[in-house]
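A.B. asks: need a structure here:
(2 chains)
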There are 2 protein chains.
Amino acid sequence: MSKIHFDTIALIGIGLIGSSLARVIKREGLADHIVISTRSESTLKRAEALGLGDSYVLDSAEAVRNADLVIISVPVGSSGDVARHIAGSLKAGAIVTDVGSTKGSVIAQMQPELPVHVHFIPGHPLAGTEYSGPDAGFAELFANRWCILTPLEGTDPVALDRLTKFWEACGSRLDTMDPLHHDRVLAIVSHLPHIIAYNIVGTASDLEEVTNSEVIKYSASGFRDFTRLAASDPTMWRDVCLHNKDAILEMLARFSEDLASLQRSIRWGDGDALFDLFTRTRAVRRGIIDAGQEVDAPDFGRQKAGAKSS
Amino acid sequence: MSKIHFDTIALIGIGLIGSSLARVIKREGLADHIVISTRSESTLKRAEALGLGDSYVLDSAEAVRNADLVIISVPVGSSGDVARHIAGSLKAGAIVTDVGSTKGSVIAQMQPELPVHVHFIPGHPLAGTEYSGPDAGFAELFANRWCILTPLEGTDPVALDRLTKFWEACGSRLDTMDPLHHDRVLAIVSHLPHIIAYNIVGTASDLEEVTNSEVIKYSASGFRDFTRLAASDPTMWRDVCLHNKDAILEMLARFSEDLASLQRSIRWGDGDALFDLFTRTRAVRRGIIDAGQEVDAPDFGRQKAGAKSS
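C.D. replies: Have a look, this model is predicted:
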């Protein structure tokens, strides 16, 4: 089986996702030439210092000129601007994709801007860490993680197949999904958890009688688990909230409804209701571990500073 | 400096905490004799099969008879029953402590039952994992983790010093605190995070249009972080909710208030408010890492199944 290969891949945006792509493309030899483009001069210089690509240009229109595959990895709120800017420079037959966490909004922003002679296939690799920027990327980021493509009607099957093989070569497991369904699934598995994490960290920071230093000191008793998601890139998450509003608001409403009911059980001492919920939720984690999407080591397998090993 | 040492330590309850104590006591040679007691015959047999102690008795009153240090590691709702049962058998001068996550309620339950000739010093090691039972324990559980003692008025300083040295020998860092303040601090750093985690996992399980298998499959995009806390022992957490009700209800009210405000920002597209919150929360994690209470490796340093290392 011959490996998937592109002559030139253009990476627009070189943060955690873009720079991880650059690294895995290089490691796996998926392109002859990697062009890197980002609006920030200092970030572009950093990418060059890290040796992430073969050429580096500030202007994304220039970057895409010879590219067979263009991957846009920018906050979802900027998708439309980027599409508009590169549209006139895209090569006929090029595949244009993105990595945004919302798909309905990205499609609405990008599709009207792009010429008919390119293959626009929206995508979303479900991968990331709480760190951002070109230094944060690593080639293994996509290994064993899902990448969801949301192809539009009439998508060329050859282009879809090439993009699928590309992500597989990066280590991903591939799925396709309707964009609207993607946005609802992601609202519950990703967007709501991040919003709740940001919120609880905010609540804890604002207390008067419990100091911030106490919150930090005793955080290992539960709180610190939430701080990882709440340390994610603010620009990215602001855009996600603004661009998947309807699905997020619905999930928030369900969450708050359930929380009000749980709160009532606590107030009225309904131990059986609490025990039932706390038992039911245990099984979900087991399912995630069995599906190979989580480690079964206690405490995420965290290596504690200062702990002796037995 | 001579090491802290007890002739006989009685461990009442041999779950995650009790069995971790048994292991560290043995490793560090903190007692000549460890007596283990639990109400469940099968759990007691398992503790014996694991070789956790030196003797094993079902009756906690019998277990404490010769003990110089009695450590009660049971769900907080059972503290009063245990105290009542062992009260008449306690040796004069023995130190009696517990490991419960709530202190006001434990003190209210235990203090009236215990004889004046013992030293009752409530305590709470801030340590645990999502696993429970005698097999889940390990000697390093307390290493570099805080243990909070909430001594009552008139506590004998010698007894307090011995208990402090005991926990230090287990690897803990020690603090003392007023019981009421303890309960409020823990409500925000531990109880609220667990309740929120249980709630979000419940909400996700109940969706009609997004299946459970989708939630499990795509959980690595955020959701799975919450499932760890939501896999904690249901009996323990039911009791915590019922026994720190006032502080928990207050923290829940604050959380919900903040969430309503965040939800409003999403609905009305207030990107600046979102960006401000998401930026502010990032600093909290940095503080936790700097305080040595969290790893700085991305993604908790999780070792992904199937990931290649670079």
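A.B. asks: Give the burial count for residue A:173, as a bare number.
C.D. replies: 17 (other CB atoms under 10 Å in any protein chain shown). C-beta: built from backbone N, CA, C; applies to glycine.
A.B. asks: I'd guessed it sits against residue A:147; true?
C.D. replies: Yes. Residue A:173 is within contact range of residue A:147, at 7.1 Å (criterion: CB atoms under 8 Å).
A.B. asks: From residue B:74, how far out is residue A:108?
C.D. replies: Here the criterion is CB to CB, to the nearest Å. By it, residue A:108 lies 57 Å from residue B:74.
A.B. asks: What are the buried residues along stretch A:234-245?
C.D. replies: Going by neighbour count (16 or more other CB atoms under 10 Å in any protein chain shown), the buried part of stretch A:234-245 is A:234-245.
A.B. asks: helices and strands around the lowest-mean-pLDDT helix or strand in chain A, which ones?
C.D. replies: Least confident helix or strand, chain A: helix A:212-217 with a mean of 93, by mean pLDDT, DSSP states H and E. Judged by 3 or more CB pairs under 8 Å, 6 or more residues apart in numbering or on different chains; DSSP states H and E, the packing partners of helix A:212-217 are helix A:192-205, helix B:271-290.
A.B. asks: could I have the longest one exported to PDB, CA atoms only?
C.D. replies: This means helix B:271-290. Provided in PDB are the C-alpha atoms of helix B:271-290 (Å, rounded to 0.1, in the frame of the first residue of the first chain):
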ATOM      1  CA  GLY B 271     -16.900  38.000  23.700                       C
ATOM      2  CA  ASP B 272     -15.000  40.300  26.000                       C
ATOM      3  CA  ALA B 273     -16.600  38.900  29.100                       C
ATOM      4  CA  LEU B 274     -15.800  35.400  28.000                       C
ATOM      5  CA  PHE B 275     -12.300  36.200  27.100                       C
ATOM      6  CA  ASP B 276     -11.700  37.900  30.400                       C
ATOM      7  CA  LEU B 277     -12.900  34.900  32.400                       C
ATOM      8  CA  PHE B 278     -11.100  32.400  30.300                       C
ATOM      9  CA  THR B 279      -7.800  34.400  30.700                       C
ATOM     10  CA  ARG B 280      -8.200  34.800  34.500                       C
ATOM     11  CA  THR B 281      -8.700  31.000  35.100                       C
ATOM     12  CA  ARG B 282      -5.500  30.200  33.300                       C
ATOM     13  CA  ALA B 283      -3.500  31.800  36.000                       C
ATOM     14  CA  VAL B 284      -5.000  29.600  38.700                       C
ATOM     15  CA  ARG B 285      -3.600  26.400  37.200                       C
ATOM     16  CA  ARG B 286      -0.200  28.000  36.900                       C
ATOM     17  CA  GLY B 287      -0.400  28.700  40.700                       C
ATOM     18  CA  ILE B 288      -1.300  25.100  41.400                       C
ATOM     19  CA  ILE B 289       1.600  23.800  39.400                       C
ATOM     20  CA  ASP B 290       4.000  26.300  41.100                       C
END
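A.B. asks: what's the average pLDDT for it?
C.D. replies: Helix B:271-290 comes out with an average pLDDT of 95.
A.B. asks: Then the first one?
C.D. replies: When pLDDT is averaged along helix A:192-205, the result is 96.
A.B. asks: Distance of residue A:271 relative to residue B:235?
C.D. replies: 9 Å.
A.B. asks: typed the wrong thing, it's residue A:296
C.D. replies: Distance, residue A:296 to residue B:235, using CB to CB: 22 Å.
A.B. asks: Then residue A:143?
C.D. replies: 38 Å.
A.B. asks: one step back: next SSE downstream of the least confident helix or strand of chain A?
C.D. replies: For helix A:212-217, the following helix or strand on the C-terminal side (DSSP states H and E) is helix A:224-229.
A.B. asks: Show residues contacting that next one.
C.D. replies: Residues outside helix A:224-229 that contact it (CB atoms under 8 Å, 6 or more residues apart in numbering or on different chains): A:130, A:193-194, A:196-198, A:200-201, A:219, B:193, B:196-197, B:222, B:225-226, B:228-229, B:281, B:284-285, B:288, B:293-294, B:299-300.
A.B. asks: what's the answer for stretch A:257-266, then?
C.D. replies: Here stretch A:257-266 makes contact (CB under 8 Å, 6+ apart) with A:270, A:273-274, A:277, B:195-196, B:198-199, B:202-203, B:206, B:241-242, B:245, B:248-249, B:252, B:256.
A.B. asks: What residues of it count as buried?
C.D. replies: Buried, per 16+ other CB under 10 Å, within stretch A:257-266: A:258-259, A:262-263, A:265-266.
A.B. asks: Next: stretch A:291-302.
C.D. replies: So, applying 16+ other CB under 10 Å, buried residues of stretch A:291-302: A:291, A:293-295, A:298-300, A:302.
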